[in-house]
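Q: Sequence below, structure please.
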Amino acid sequence: MTGMAGFVGSYLTELLLEKKEKVVGLYWNSNLENIEHIKSKVQLFPCNVADFRQVHQIIKKIKPKEIYHLAAVSSVGKSFSEPVFTFKVNFGGTQNILEAVRKENLKSKILIPNSADMYGKVSAKDLPIKETHPLKPISPYAISKTCADVLAEQYFKIYGIPVIRTRSFNHTGPRQALGFVIPDFASQVAKIDLNLQEPVLKVGDLRAKRDISDVRDIVLGYYLLMKKGKPGETYNIGSGKIYSLKKVLQYIVSLSSRKIRVEIDETRLRKIDIPVLQADITKIKKNTGWKAKTPLEKTLQDTYNFWRDYWLKNLN
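A: Predicted structure coming up:
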């Protein structure tokens, strides 16, 4: 698994260990806090996925039967300020994994999670979005993921490498880093509750509507796709429901006992954004039986509790 120490990687690692899988993880420039409790149960290698030599050496050594390629620059906002780096990691990293597998003549089954952002702006009549919908990426992040998606499909068609791709819709939960909208909301509310911040909540554009799932549901979907998904195919993975960011914010604020004022922070606004995303999940349900089960309220409560505990620890 690449990106093991990341937000999604840590939950997927927990799941694979529960399933008694032997797991080898790659990480780069990240602290290992997310996997501190399980790192003794896995084999870890530092590896920059944008460096082919490093990737090739490790794949040649371990000859994996399955590869979950999670390493990515996953922040849309960061991709606008660092487009070249985003492309090197998201496209270059995917190319390096595929090429290392090809060079070693392996038949490793590879799961490559890509993003619903690849669909771009979708009109109301095309919701929920099917996998056959045209890709019209509008951010450097989405462009890098679209290129990786097309490349992976070609490696399946030309070289027969069994690649499964996802179009993953928004997912969140405890451990997701600041810089993403829901942890930003939850962290600020927790700080206000602990008197670490004035009772003013800074937000970006609340008009966006998103298909939001719990990360713990999403990693189960990835596991089931690895076991039951059809190589060469791409699958939407999401809740199939639309949630307004304004309503999400209202719920998180309701977890606080304080009276909180909400203010728009101009630095959090994007020049280009997608108004609404909603997944058609017919295909993944049919192929694997998966569907998102965790109520959004539980996800938001758990995320708030995570940040409250985090700031409490950092007080001491």
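Q: Quick check: residue 166 is in a helix.
A: No - the assignment for residue 166, made by DSSP: H, G, I helix; E, B strand; the rest coil, is strand rather than a helix.
Q: Tell me which residues touch it, please.
A: Counting by Cβ atoms under 8 Å, 6 or more residues apart in numbering, residue 166 touches 111-114, 221-222, 225, 234-237. (Glycine included, C-beta is placed from N, CA and C.)
Q: Equivalent analysis for residue 112, please.
A: 69, 94, 148-149, 152, 163-166.
Q: switch to 6 Å and redo it
A: Residue 112 is in contact with 69, 152, 165, counting by Cβ atoms under 6 Å, 6 or more residues apart in numbering.
Q: on that earlier part again, just the contacts of residue 166 now: which is nearest residue 290?
A: residue 221 (4.6 Å; Cβ to Cβ).
Q: which outside residues touch the one helix or strand the closest one maps to?
A: Counting by DSSP states H and E, the element that carries residue 221 is helix 215-228. Residues outside helix 215-228 that contact it (Cβ under 6 Å, 6+ apart): 8, 11-12, 15, 66, 111, 164, 171, 173, 237, 287-288, 290, 292-294.
Q: From these, list just the buried residues.
A: 8, 11-12, 66, 111, 164, 171, 173, 237, 287-288, 290, 292, 294 (16 or more other Cβ atoms under 10 Å).
Q: Could you identify which of the contacts of residue 112 has the most neighbours?
A: residue 165 (27 neighbours; other Cβ atoms under 10 Å).
Q: Tell me how far that one lies from residue 150.
A: 10 Å (Cβ to Cβ, to the nearest Å).
Q: Tell me where the stretch 201-316 of the chain has helices.
A: 215-228, 245-254, 282-288, 296-315 (DSSP state H, counting those that start in this stretch).
Q: Tell me which of these sits most buried.
A: For the helices of the stretch 201-316 of the chain, the largest average neighbour count (mean count of other Cβ atoms under 10 Å) is found in helix 215-228, namely a mean of 21.
Q: where does the protein have low pLDDT?
A: 270-271, 316 (pLDDT under 70).
Q: residue furthest from the geometric center of it?
A: residue 259 (32.3 Å; Cα atoms, centre = their mean).
Q: Surely residue 77 is within a helix?
A: Yes - per three-state DSSP, residue 77 lies within a helix segment.
Q: Residue 37 versus that one, what's the distance?
A: 29 Å.
Q: Those two: who's more crowded?
A: residue 77 (16 against 10).
Q: Quickly note the distance from the more buried one to residue 120.
A: Counting by Cβ to Cβ, the gap from residue 77 to residue 120 is 17 Å.
Q: As a check, name the ranges of all strands in the protein.
A: Under the criterion DSSP state E, the chain contains strands at 24-27, 43-46, 66-68, 109-115, 163-168, 171-172, 200-203, 209-210, 213-214, 234-237, 243-244, 261-264.
Q: Output those strands in a markdown table, with distance to residue 254 appended to each entry.
A: Shown next, in a markdown table, are those (distance: least, Cβ to Cβ, whole Å):
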| stretch | distance to residue 254 |
| --- | --- |
| strand 24-27 | 37 |
| strand 43-46 | 40 |
| strand 66-68 | 36 |
| strand 109-115 | 30 |
| strand 163-168 | 28 |
| strand 171-172 | 17 |
| strand 200-203 | 12 |
| strand 209-210 | 19 |
| strand 213-214 | 19 |
| strand 234-237 | 29 |
| strand 243-244 | 15 |
| strand 261-264 | 13 |
